[in-house]
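1. Sharing a model that was predicted from the sequence below.
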Amino acid sequence: MSNEAILERLEAMEANIAYLTEKAKGSDELMHDLTPIFHDGFKVLMNEFGSIEHGFQLEDMITFIKKLMVSFKNLTYMLDKMEDIIDLWRTVEPLMHSSVPQLIEFLDELEQKGVFETYRAMIEIRAKVAETYGVENIRNMGDSFVFLVGMLEKLGDPKVRMMVEGAANAFSELDLTQVEPKGLVGMGLGMNNKDAKRGLGIMLEMTKTLGKIGMEVPKVDEVQPCGLKCEKTQESEKSEEVEKPEAKQ
């Protein structure tokens with residue numbers, strides 16, 4: 001090998017060594033600049049790990065990884081269902097833009113009409129009833145409530161409604177302070193009035209109607225003795241049935 005070739009190789013090696021030296025200097029400068037940052041970051045990391053040391057252990061992480069690996073099937077199922085939920089939300093979301101304002105407007109209309117105030121007052125009434133009466137008392141009132149519902153159904157009859165409304169109006173117009181004492185003569189003179197005669201006729205018809213009430217309902221004092229007699233006869237029949245097999249034996 002000639003001297004010129006050796007010199008060329010030496011020059012190439014010197015160039016490579018110079019290049020590597022420059023790179024090493026740059027790396028040293030970078031490491032010199034990053035060392036304080038790494039040092040501060042390591043301190044912060046250690047402080048943070050120290051703050052969670054009481055709630056985190058390496059064994060817990062290992063247990064978590066094991067459970068995660070065992071639950072991959074459930075996680076996959078959950079992700080599939082999440083995709084279905086997202087698709088459902090994408091379908092429902094356009095409808096919500098139109099239905100929610102309508103719902104808000106409807107609720108606002110109910111609020112303006114006082115519907116919620118009425119329900120609030122009803123809840124307060126129920127609370128007062130609960131404070132005054134016990135559960136057993138309210139249960140015992142069930143039959144009476146059903147009876148009242150039946151009476152309300154009968155009030156749907158136009159004749160009954162007209163009679164009740166007319167009686168209420170009449171009593172509201174009546175002024176008892178203007179009533180004067182009357183005797184038989186005053187009563188006779190008062191019966192010459194057309195309204196008085198009509199009122200007497202109404203009372204007579206109502207008396208006839210009220211007279212029919214007790215005809216279909218058994219008397220209370222008759223029901224109780226009958227009940228006692230029935231119980232006694234049932235007890236005697238049972239005793240006779242028991243005595244007959246003993247006599248046969």
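-> Perfect, I can see it now. None of the values given here were measured: they were computed from a predicted structure.

2. residue contacts, residue 58?
-> Residue 58 makes contact with no residue, according to C-beta atoms under 8 Å, 6 or more residues apart in numbering. To be clear about C-beta, it is placed using only N, CA and C from the backbone, and glycine gets the same treatment.

3. roughly how far apart are it and residue 46?
-> Here the distance between residue 58 and residue 46 works out to 15 Å (C-beta to C-beta, to the nearest Å).

4. Which SSE is immediately downstream of the longest helix along the chain?
-> Looking across the chain with DSSP state H, the single longest helix is helix 3-51. The first helix or strand that comes after helix 3-51 along the chain, using DSSP states H and E, is helix 58-70.

5. Report the mean confidence score over that following helix.
-> Taken as a whole, helix 58-70 has a mean pLDDT of 82.

6. and it, how far from the chain's centre?
-> Shown here is helix 58-70, whose average C-alpha point lies 41 Å from the average C-alpha point of the whole chain (C-alpha atoms, centre = their mean, to the nearest Å).

7. likewise stretch 138-153?
-> Relative to the chain's own centre, stretch 138-153 is displaced by 25 Å; criterion: C-alpha atoms, centre = their mean.

8. just stretch 143-157 next, same as before
-> The chain centroid and the centroid of stretch 143-157 are separated by 29 Å, computed with C-alpha atoms, centre = their mean.

9. if we look at it, which residues are touching it?
-> Contacts of stretch 143-157 (C-beta under 8 Å, 6+ apart): 160-161, 164.

10. my guess is residue 182 meets residue 188, correct?
-> No. With contact defined as C-beta atoms under 8 Å, residue 182 does not reach residue 188; the gap is 9.3 Å.

11. on that earlier part again, between the contacts of stretch 143-157, which is nearest residue 127?
-> Lowest distance from residue 127 to these (C-beta to C-beta) belongs to residue 164, with 30.7 Å.

12. Measure how buried the closest one is and give me the count.
-> Per other C-beta atoms under 10 Å, the neighbour tally for residue 164 reads 11.

13. OK, contacts around it?
-> With contact taken as C-beta under 8 Å, 6+ apart, residue 164 is in contact with residue 155.

14. Report pLDDT for the spatially closest residue to residue 196 that is not a sequence neighbour.
-> Counting by C-beta to C-beta, 6 or more residues apart in numbering, the nearest residue to residue 196 once its immediate chain neighbours are dropped is residue 190, at 5.5 Å. Predicted confidence (pLDDT) for residue 190: 73.

15. wait, residue 190 sits on residue 182?
-> Yes. With contacts defined as C-beta under 8 Å, residue 190 counts as touching residue 182 at a distance of 6.5 Å.

16. What count of nearby residues applies to residue 199?
-> As a burial measure, the neighbour count of residue 199 was computed by other C-beta under 10 Å and equals 13.

17. Show me which positions of the helix or strand where it lies end up buried.
-> Element membership of residue 199 [criterion: DSSP H and E] is helix 194-211. Judged by neighbour count using 16 or more other C-beta atoms under 10 Å, helix 194-211 contains no buried positions.

18. what residues does that helix touch?
-> For helix 194-211, the external contacting residues (C-beta under 8 Å, 6+ apart) are 190-191.

19. repeat that for 10 Å
-> Residues outside helix 194-211 that contact it (C-beta atoms under 10 Å, 6 or more residues apart in numbering) are 163, 166-167, 170, 187, 189-191, 193.

20. I'd like to know which of those residues are part of helices.
-> Cross-referencing the contacts of helix 194-211 with the helices (criterion: DSSP H) gives 163, 166-167, 170, 187, 189-190 as the overlap.

21. Mind checking which of those are buried?
-> Applying a neighbour-count criterion of 16+ other C-beta under 10 Å, no member of the ones in helices among the contacts of helix 194-211 counts as buried.

22. so where's this structure uncertain?
-> Within the chain, the segments meeting pLDDT under 70 span 1-2, 50-56, 214-249.

23. what's the distance between the longest helix of the chain and the middle of its chain?
-> Remark: helix 3-51 is offset 70 Å from the chain centroid, using C-alpha atoms, centre = their mean.
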